[in-house]
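Chemist: using only what follows, build the 3D model:
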Amino acid sequence: MATSESVDGVVIYYDGECPVCNHWVAGLRLKTAAGALRLVDAREGGDEVRALQAAGYDLDREMVVRIGDRTLSGAEAMHGLTLMATPSGLFNRGVYHLFRSERLSRPLYPVFRGMRLALLRLLGRSRINGVQGE
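Modeler: Model (predicted):
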């Protein structure tokens, strides 16, 4: 699935009410060649987020990343960001080892997604679409 609008740099759509998501985007260090990084809280993204949802992206089930004119989601997004991240810091090195391989990213991504949904449920927070739990 791809959207037609091109962006400069990298845009990450994430869940601003998920503590792990917040920590992850705060700790991510992209290489300068990736261009400017813009973070969009999917709960507050307005028309931009609605356009992604209209294009078929489920932001409760998959993270979405726009890199230039490409839109990546789920494991592909994690893998793509991992390859663009600097290896500096314990956090980025850990993420790199988990998601550097496309083959490993595919089965790991649903596990992390499930942990995010369980954490939201435990904290009493709704999913992005307003539904409680999975």
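Chemist: pLDDT weak spots in this protein?
Modeler: Low-confidence segments of the chain, defined by pLDDT under 70: 1-7, 31-34, 130-134.
Chemist: and for the longest helix belonging to it, what's in contact with it?
Modeler: Identified as the longest helix of the chain according to DSSP state H is helix 102-123. Residues outside helix 102-123 that contact it (Cβ atoms under 8 Å, 6 or more residues apart in numbering) are 15, 17-21, 60-62, 74-76, 78-79, 82, 98-99, 126-127, 132-134. In this view, the C-beta of every residue, glycine as well, is placed from N, C-alpha and C.
Chemist: among those, which are located in helices?
Modeler: Those of those mapping onto helices are 19-21, 74-76, 78-79, 82, 98-99, per DSSP H.
Chemist: ChimeraX command to pick out the buried ones of the residues you listed?
Modeler: ChimeraX command restricting the ones in helices among the contacts of helix 102-123 to the buried ones, with burial defined by 16 or more other Cβ atoms under 10 Å:
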select :21,74,75,76,78,79,82,98,99
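Chemist: which one of the ones in helices among the contacts of helix 102-123 is nearest L30?
Modeler: Comparing the ones in helices among the contacts of helix 102-123 against L30 with Cβ to Cβ places T82 closest, at 10.3 Å.
Chemist: which residue is the nearest non-sequential neighbour of the closest one?
Modeler: Using Cβ to Cβ, 6 or more residues apart in numbering and skipping the chain neighbours, the partner closest in space to T82 is F99 (4.1 Å).
Chemist: show me the contacts for the one you found.
Modeler: So F99 contacts 75, 78-79, 81-82, 105, 108 (Cβ under 8 Å, 6+ apart).
Chemist: tell me which two of those residues sit farthest apart.
Modeler: L81 and L108 (13.7 Å).
Chemist: more neighbours: those two, which one.
Modeler: L81 (23 against 16; other Cβ atoms under 10 Å).
Chemist: for that one, give me its contacts.
Modeler: 10, 12, 28, 30, 65, 99.
Chemist: in what helix or strand does L72 lie?
Modeler: Per DSSP states H and E: L72 is located in strand 70-73.
Chemist: and that strand, which residues are buried?
Modeler: So strand 70-73, judged by 16+ other Cβ under 10 Å, has buried residues 71-73.
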